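1. Have a look at this prediction, sequence included:
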Amino acid sequence: MALRFATNSIARFSSIVSMDAGNISSGAALSKVDDTNVTATLSGTPTTALLKATTITLGWTGTLATSRGGFGLSMAAANGVTVWTAGTPNQAGTTGTGNVVRDTSPTLVTPLLGTPTSGVLSNCTGYPLANLTGAGTGVLAALAINTGSAGAPVLFNGAGGTPSSITLTSATGLPVSTGISGLGTGVATALAVNVGSAGAFVTFNGAGGTPSSITLTNGTSLPISTGVSGLGTGIATALGTAINTAGSVAPVTSPALGGTPTAPTAAVDTNTTQIATTAMVLAQAASATPLASTTAGAVGTSTRYARGDHVHPASSTNTPILFSSGNNSAIAQNTTTFFTYGSSVSTENVCAVPMSAPGTLKNLYASTNSAPAAGQTFTLTVRKNGSDTTLTCTITSAGTTANDTTHTVAYVAGDLISIKVVTSATSGTMTGANVGLTLVTSSP
């Protein structure tokens, strides 16, 4: 007995069993032939179980489970390839023709990739520039131009041509000596010198070195203490001190000077707007004795001033005064009388004149109408406070006048002044007697 399997399809199996009557007598074994995907298990006594040869076809319907090595899917309606997701097979659709590719070094023939979310095209060739998207205006056209030609992209380390404009915000390596035009004389050389070295440009907040010349019209923040050289001792400190405080420089207008400031001493009699020092002021004091005036005052033209302790000499005023006995009163001989107004009296106290201010009497002059007799005299004497003074004169028979210009009489306010006349024993009468004096008064 032989067991045969006939498989019509993966979806259907039918079983056909046939036995030969000639084989029943001796019995025949039951055997099986396993299909690739089907295994039959014989039990009992399969070696003698049959009388005649028998063909058995076993089959199944449905899908082969994955646990038996199948896909667990119906292949009749499948159109694609089987893929596994976490151990579970699924049918994935396909497009195009040809073989299914693997992930390592596949060769694709005119594939349509659609819009992949990512892809590495390291070894791709032949892609037309026109199919690129997202490029800026003119970029694709520039990519199609040979490098080095007008309108082509500039390559790394390649010539840039003469662009109509370019922004070099992040550019590096531009040679100063040949890459920049329009620089002034020496500028390119200066740009190539290290900052801080001679001939280099001065950077913002950097050291300026020792320029041969510089204009600081709009400069600010130059430190006086270190930024200016050649100042005299203490000048920098003074310039850094607030105006009108101790140690500062003085402003031109209304300076508030302190301490003991000094200035050049002007010459005596200088008449300018120059500062007058105390030395010049003291030197301007007059050294001459102050003048005394006997005439009207005057403004004067001298530029000297009087010292505080100066003393003017007395200013004298000469006033003539007159004493007269008149012609109506004859003075008898051998008598002593005193002049009064228009006459003479024997009592002095009724004619003595009190002086109202200090002064001096001088220049005594006397006259009479007739001379005394031969060998006789008329003597006239100035008296002060009832006593004779040295101011006296005598008229002799030789004439009718006499004088004393040698002696003086000083008096003070309140002194009593009188004129005494003495006629000798036989002189005869004295008529028309007159006396003239000079009254000298002084004022400081």
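-> Okay, I see it. Residues are numbered from 1 along each chain as shown.

2. Provide the secondary structure category for T337.
-> Secondary structure assignment for T337 (DSSP: H, G, I helix; E, B strand; the rest coil): strand.

3. What number of neighbouring residues does it come out with?
-> For T337, the neighbour count with other Cβ atoms under 10 Å is 23. All C-beta spots, glycine's among them, are computed from the backbone N, C-alpha and C.

4. That one reaches T347, doesn't it?
-> No. Contact between T337 and T347 fails when scored by Cβ atoms under 8 Å: they sit 9.2 Å apart.

5. Wait, A150 touches A159, no?
-> No. Between A150 and A159 there is no contact under Cβ under 8 Å: 11.3 Å.

6. host element of T237?
-> Using DSSP states H and E, T237 sits in helix 235-239.

7. So for L322, what's the nearest residue that isn't a sequence neighbour?
-> G436 (5.6 Å; Cβ to Cβ, 6 or more residues apart in numbering).

8. Against A410, how distant is that neighbour?
-> As for G436, its distance to A410 is 19 Å (criterion: Cβ to Cβ, to the nearest Å).

9. And F378, by the same measure?
-> 26 Å.

10. Where do the helices of this structure begin and end?
-> 139-143, 176-179, 187-191, 224-227, 235-239, 278-283 (DSSP state H).

11. The fourth one packs against which elements?
-> It refers to helix 224-227. helix 235-239 (3 or more Cβ pairs under 8 Å, 6 or more residues apart in numbering; DSSP states H and E).

12. What residues sit buried inside the helix it packs on?
-> A236 (16 or more other Cβ atoms under 10 Å).

13. which secondary structure elements does that helix contact?
-> Under the contact definition 3+ Cβ pairs under 8 Å, 6+ apart, helix 235-239 sits against helix 224-227.

14. contacting residues around the helix it packs on?
-> A236, T237, L239, G240 (Cβ atoms under 8 Å, 6 or more residues apart in numbering).

15. let's go with 10 Å and repeat that
-> G208, L216, G219, S221, L231, I235, A236, T237, A238, L239, G240, T241 (Cβ atoms under 10 Å, 6 or more residues apart in numbering).

16. What is the burial count for the second one?
-> The reference is to L216. Count around L216 with other Cβ under 10 Å applied: 8.

17. same deal with the first one?
-> G208 is surrounded by 10 other residues when neighbours are defined as other Cβ under 10 Å.

18. so it makes contact with A198?
-> No. G208 is beyond contact range of A198, at 11.6 Å (criterion: Cβ atoms under 10 Å).

19. who's the residue nearest to L322 bridged to?
-> Beta bridges link G436 to L322, Y365, judged by DSSP bridges.

20. Which parts of stretch 132-144 count as buried, going by neighbours?
-> A142.

21. then that stretch to PDB, C-alphas only?
-> Taking C-alpha atoms only, stretch 132-144 is exported to PDB below (Å, rounded to 0.1, in the frame of the first residue of the first chain):
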ATOM      1  CA  LEU A 132      15.800  71.500  -7.800                       C
ATOM      2  CA  THR A 133      13.300  73.500  -5.700                       C
ATOM      3  CA  GLY A 134      13.700  76.100  -3.000                       C
ATOM      4  CA  ALA A 135      16.700  77.900  -4.600                       C
ATOM      5  CA  GLY A 136      16.700  81.700  -4.700                       C
ATOM      6  CA  THR A 137      16.200  83.700  -7.800                       C
ATOM      7  CA  GLY A 138      19.100  83.200 -10.200                       C
ATOM      8  CA  VAL A 139      20.800  80.500  -8.100                       C
ATOM      9  CA  LEU A 140      20.000  77.600 -10.500                       C
ATOM     10  CA  ALA A 141      21.000  79.700 -13.500                       C
ATOM     11  CA  ALA A 142      24.300  80.600 -11.800                       C
ATOM     12  CA  LEU A 143      25.000  76.800 -11.000                       C
ATOM     13  CA  ALA A 144      24.700  76.100 -14.700                       C
END
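
22. what residues does it touch?
-> With Cβ under 10 Å, 6+ apart, stretch 132-144 has contacts from P128, L129, A130, N131, S149, G151, A152, P153, V154.

23. Show me which pair in those residues is furthest apart.
-> Spatial extent of those (Cβ to Cβ) is set by the pair N131 and V154 at 24.1 Å.

24. hmm, back to that, contacting residues for the residue nearest to L322?
-> With Cβ under 10 Å, 6+ apart, G436 has these contacts: P320, I321, L322, F323, S324, N363, L364, Y365, A366, S367, N403.

25. Let me know whether R307 touches A285 as I believe.
-> Yes. Checked against Cβ under 10 Å, the pair R307 and A285 is within contact range at 5.2 Å.

26. Which residue ranges of the stretch 51-200 of the chain form strands?
-> For the stretch 51-200 of the chain, the strands defined by DSSP state E, counting those that start in this stretch cover 81-85, 88-92.

27. what pLDDT, on average, does the first one get?
-> By that I understand strand 81-85. Mean pLDDT, computed over strand 81-85, is 70.

28. What of the last one?
-> Mean pLDDT, computed over strand 88-92, is 70.

29. could you turn it into CSV, dropping everything but the C-alphas?
-> The C-alpha trace of strand 88-92 is given here as CSV (Å, rounded to 0.1, in the frame of the first residue of the first chain):
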residue,chain,number,x,y,z
THR,A,88,4.1,39.9,12.3
PRO,A,89,4.0,39.6,8.5
ASN,A,90,2.0,42.1,6.4
GLN,A,91,1.5,42.7,2.7
ALA,A,92,3.0,45.9,1.4
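
30. Tell me the gap between that strand and the middle of its chain.
-> 84 Å (Cα atoms, centre = their mean, to the nearest Å).

31. still on that earlier bit, neighbour-wise, which of N131 and V154 wins?
-> Shown here are N131 and V154; by other Cβ under 10 Å, V154 has more neighbours (14 against 7).

32. Near the nearest residue in space to that one that is not next to it in sequence, how many other residues are there?
-> Of all residues beyond its chain neighbours, the one nearest V154 is G160 (4.7 Å), with distances taken as Cβ to Cβ, 6+ apart. Other residues near G160 number 8, with proximity taken as other Cβ under 10 Å.

33. i'd like the first residue to be 45 from this point on
-> Okay, using 45 as the starting number, the last item reads as G204.

34. Is G204 in contact with G217, as I believe?
-> No. Between G204 and G217 there is no contact under Cβ under 10 Å: 11.9 Å.

35. Show residues contacting stretch 292-301.
-> Taking Cβ under 10 Å, 6+ apart as the rule, stretch 292-301 contacts I279, T281, A282, L283, G284, T285, A286, I287, N288, T289, G302, P305.
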